[in-house]
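Student: Give me a model of this one.
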Amino acid sequence: MRKLTTLLLATMLPLAPALAAGSHSGGHEDEMMLGKPAEAAQAGRTIAVKMMETDDGAMLFDPSSIEVKRGETVLLDIHNDGEIAHEFVMDGHEMNQEHKALMERFPEMEHDDPNSVRLEPGESGQIAWTFTNDGSFEFACLIPGHYESGMHGPLTVVAK
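Tutor: Next comes the predicted model:
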């Protein structure tokens, strides 16, 4: 068993940088499909986002949808009000689905992407973001089983 674990780790380690790179190429400073990281001081407004579970097993975000303007810089102030770990990841729907599939294969994978934050119960985090392209995007929790329990919502970037 130890040899199998060592072999699996040796096989996966070279892939780690690619797996952690998220949905964009060229590193974390590059602009993504929905925009680019910003400084919190640049934000014109703050959107408070809560992550939680309900008594009936559903998992959700409050608000359940987000709308911003193209060119707007927003500070997303995210709090985990739940009893288990959750994450907030924003990207295109297809990219989130690819990332979700990867998370299912490697559930202990952690990211350091500027478009996401993973929080334990009671923790808070922030994402400062400038939305440079209009269109329909998505925010979601990609921890295995959370998306299927309802933890995703539309992120709409509208033209000014």
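Student: ok, which stretches of the chain are strands?
Tutor: Along the chain, counting by DSSP state E, strands occupy 36-37, 45-53, 59-62, 66-69, 73-80, 86-91, 116-119, 124-130, 135-140, 152-158.
Student: Looking at the ones you listed, spot the one closest to Lys100.
Tutor: Closest of these to Lys100 is strand 135-140, at 7.4 Å (criterion: C-beta to C-beta). No exception for glycine: its C-beta is placed from N, CA and C like everyone else's.
Student: which parts of the closest one are buried?
Tutor: Within strand 135-140, the residues that qualify as buried are 137-140, counting by 16 or more other C-beta atoms under 10 Å.
Student: For Ala43, state which of these is nearest.
Tutor: Of the buried residues of strand 135-140, the one sitting nearest to Ala43 (C-beta to C-beta) turns out to be Phe139, at 16.7 Å.
Student: Mind listing the residues bridging to that closest one?
Tutor: Beta-bridge partners for Phe139, by DSSP bridges, are Met90, Gly153.
Student: OK, contacts around it?
Tutor: Taking C-beta atoms under 8 Å, 6 or more residues apart in numbering, we find Phe139 in contact with 49, 61, 66, 88-90, 152-153, 155.
Student: Identify the residue spatially nearest to Lys100, adjacent ones excluded.
Tutor: Leaving out its chain neighbours, the residue that sits closest to Lys100 by C-beta to C-beta, 6 or more residues apart in numbering is Leu142, at 4.6 Å.
Student: That neighbour contacts Asn96, doesn't it?
Tutor: Yes: if you go by C-beta atoms under 8 Å, Leu142 and Asn96 touch, sitting 6.5 Å apart.
Student: Neighbour count: the two, which is higher?
Tutor: Leu142 (26 against 21; other C-beta atoms under 10 Å).
Student: so what's that one up against?
Tutor: Residues near Leu142 by C-beta under 8 Å, 6+ apart: 87, 89, 96, 99-100, 103.
Student: quick revisit: which residues do Leu142 and Asn96 both contact?
Tutor: Contacts common to Leu142 and Asn96, judged by C-beta under 8 Å, 6+ apart, are Val89.
Student: Mind pulling up the pLDDT for the nearest residue to Asn80 once chain neighbours are set aside?
Tutor: Leaving aside its sequence neighbours, Asn80 sits nearest to Leu119 (C-beta to C-beta, 6+ apart; 4.0 Å). Listed pLDDT for Leu119 reads 96.
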